[in-house]
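[1] Here's a sequence, model it:
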Amino acid sequence: MADDSVRHSPSSGHASAREGLLLQVEKTLRTVLLDDAVRPETRSWLLTTLSRVPGAVTRDVAERLVEAAGLTATARSTDSAACAQLLRLLCELKPQKVVDLIAEDREALPAFFAGDEQRIQNWFGNFGTKPDGDHDLGAIGLGQYIMSRRSELWDALVWKGLHGHAPSSVVARPQMLADLEVVPSVQALERRSPGLFNKPELLGNCSLLPSVDYPWFSQELQSIAQGYPKRSRARRLHTLTCATLEGQPLSLVAQRVMPLLADSQLAQCAASLLPASNEAGRSGASGAAVGGVDAHLQEAVFSDAIWRGKAEMDAMLLLHACALCYHKVARLLHRPEHAPARLEIRDIQLQTFKA
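    Coordinates of the predicted model:
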């Protein structure tokens, strides 16, 4: 413990006075930066920094993000925008695994196609659409299915115009299937063969099927996450999502999912997101730039060692703005509506020099 002569020395008094003045600056900046009208802007600064973070998602970050979005293995409610976006991202990154998981419910894919005729058209109506005249997407499987069973199914097909094509003509020129009325033809085939939409030979390669209607597939995954109809699928969905996120660019989840998190969840994820990226920064020169800013300064703002698992959004926004966006803060203070705050800070600066 320092003796009284040190505690009450002139230098100690100056330091205490400066600390008091800095607290006044913090109070003034907090009033400006966390005002309801300005707070969305300061939040966007934080998100911009996060979107520029290099490196890949670790397993720990993936699990934190999945939990923050509400997609836990025991979730009861997964209707948040962040959860929907996370599942949309899963559909884009692992579409075949998503289809396989959903198709375990034998009623799911028939319901998908029955729910909107445009889905039938968009998936199966791609005869001869490739540059070389070949079929694409679901038209590949549909064409093969029709031709392999043409003796029993040909009369169910509906053609454009007055006359259809003979099977022998279509065998010679498969591009003629482009003359099919796709929606009524597929519906007629389904009536003749119930369960048609669960036949792998008809659907073919389903890796692009979610792109027909991402919101529908995302909603189905949300139902699975809530344990419908089996809790075991919810656990597998959780595992698949974490495994898919692991190794993805940090910037991807920062751009797509993190903006939709609630403030408390965003702060917790941000506090764990950046230290992982700084492992690469520390391997280079001291103070190397990471994401366009000094690595050590960036780590000081977002270090989990500083927040100790208790990151708080207002404090993070204030610290981030002052440490990493001070030019933006200066421009903000020069707006007419913030003139009183600017003058107050200037007066405090003058007092600091006197102190």
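[2] quick check: longest helix of the chain.
    The longest helix of the chain (DSSP state H) is helix 10-33.
[3] Which positions within the helix or strand following that helix qualify as buried?
    Heading C-terminal from helix 10-33, the first helix or strand you meet, by DSSP states H and E, is helix 39-51. Within helix 39-51, the residues that count as buried by 16 or more other C-beta atoms under 10 Å are 42-43, 45-46, 48-51. In this view, the C-beta of every residue, glycine as well, is placed from N, C-alpha and C.
[4] From Ala323, how far off is Asn126?
    In this structure, Asn126 and Ala323 are 53 Å apart, going by C-beta to C-beta, to the nearest Å.
[5] Then Ser44?
    Ser44 sits 16 Å away from Ala323, going by C-beta to C-beta.
[6] will you turn the buried residues of helix 39-51 into TSV that also has distance to Ala178 and pLDDT?
    Listed next are the buried residues of helix 39-51 as TSV, based on distance: C-beta to C-beta, whole Å; pLDDT from 0 to 100:
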residue	distance to Ala178	pLDDT
Thr42	55	96
Arg43	50	96
Trp45	52	95
Leu46	51	94
Thr48	47	93
Thr49	50	89
Leu50	47	89
Ser51	43	89
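[7] Dump those into TSV; add distance to Gly204 as well.
    Formatted as TSV, the buried residues of helix 39-51 follow (distance: C-beta to C-beta, whole Å):
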residue	distance to Gly204
Thr42	50
Arg43	45
Trp45	47
Leu46	45
Thr48	42
Thr49	44
Leu50	39
Ser51	37
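[8] Which stretches in the chain count as strands?
    For the chain, the strands defined by DSSP state E cover 289-290, 293-294.
[9] rank the ones you listed by pLDDT, which is bottom?
    The stretch with the lowest mean pLDDT among the strands of the chain is strand 289-290, at a mean of 46.
[10] returning to that earlier point: give me the distance from the longest helix of the chain to the chain's centre.
    40 Å (C-alpha atoms, centre = their mean, to the nearest Å).
[11] what's the angle from that helix to helix 39-51?
    Interaxial angle of helix 10-33 relative to helix 39-51 (axes from the mean of the first three to the mean of the last three C-alpha atoms, to 10 degrees): 100 degrees.
[12] who's in contact with helix 10-33?
    For helix 10-33, contacts defined as C-beta atoms under 8 Å, 6 or more residues apart in numbering pick out 6, 38-39, 42, 314, 317-318, 321-322, 329, 332-333, 338, 341, 344-345, 348, 351-352, 355.
[13] Same check on stretch 251-259?
    For stretch 251-259, the external contacting residues (C-beta under 8 Å, 6+ apart) are 47, 50-54, 57, 61, 65, 69, 82, 85-86, 89, 245, 266, 269-270, 273.
[14] and that stretch, C-alpha only, in CSV?
    Extracted C-alpha coordinates of stretch 251-259, given in CSV (Å, rounded to 0.1, in the frame of the first residue of the first chain):
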residue,chain,number,x,y,z
SER,A,251,-17.3,-12.1,-42.2
LEU,A,252,-20.2,-14.3,-43.6
VAL,A,253,-21.9,-14.8,-40.2
ALA,A,254,-21.2,-11.2,-39.3
GLN,A,255,-22.9,-9.9,-42.4
ARG,A,256,-25.8,-12.4,-42.6
VAL,A,257,-26.8,-13.3,-39.0
MET,A,258,-25.3,-11.0,-36.4
PRO,A,259,-27.2,-7.8,-37.5
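[15] For that stretch, which residues meet the burial criterion?
    251, 253-254, 256-259.
[16] now swap in stretch 82-94 and tell me
    Buried residues in stretch 82-94 (16+ other C-beta under 10 Å): 82-91, 94.
[17] As a markdown table, these with distance to Leu23 would be great.
    Output for the buried residues of stretch 82-94, formatted as a markdown table (distance: C-beta to C-beta, whole Å):
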| residue | distance to Leu23 |
| --- | --- |
| Ala82 | 35 |
| Cys83 | 40 |
| Ala84 | 42 |
| Gln85 | 39 |
| Leu86 | 40 |
| Leu87 | 45 |
| Arg88 | 44 |
| Leu89 | 42 |
| Leu90 | 46 |
| Cys91 | 49 |
| Lys94 | 50 |
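[18] Go through those residues and say which is closest to Arg119.
    Cys91 (14.5 Å; C-beta to C-beta).
[19] does that closest one really touch Pro210, like I thought?
    Yes - with contacts counted by C-beta atoms under 8 Å, Cys91 reaches Pro210, the gap being 4.2 Å.
[20] list residues touching both of the two?
    By C-beta under 8 Å, 6+ apart, the residues touching both Cys91 and Pro210 are 98, 217.
[21] now the protein, which segments are flagged as low pLDDT?
    By pLDDT under 70, the low-scoring segments of the chain are 1-15, 17, 73-79, 228-229, 274-295, 300, 303-306, 308-309, 352-355.
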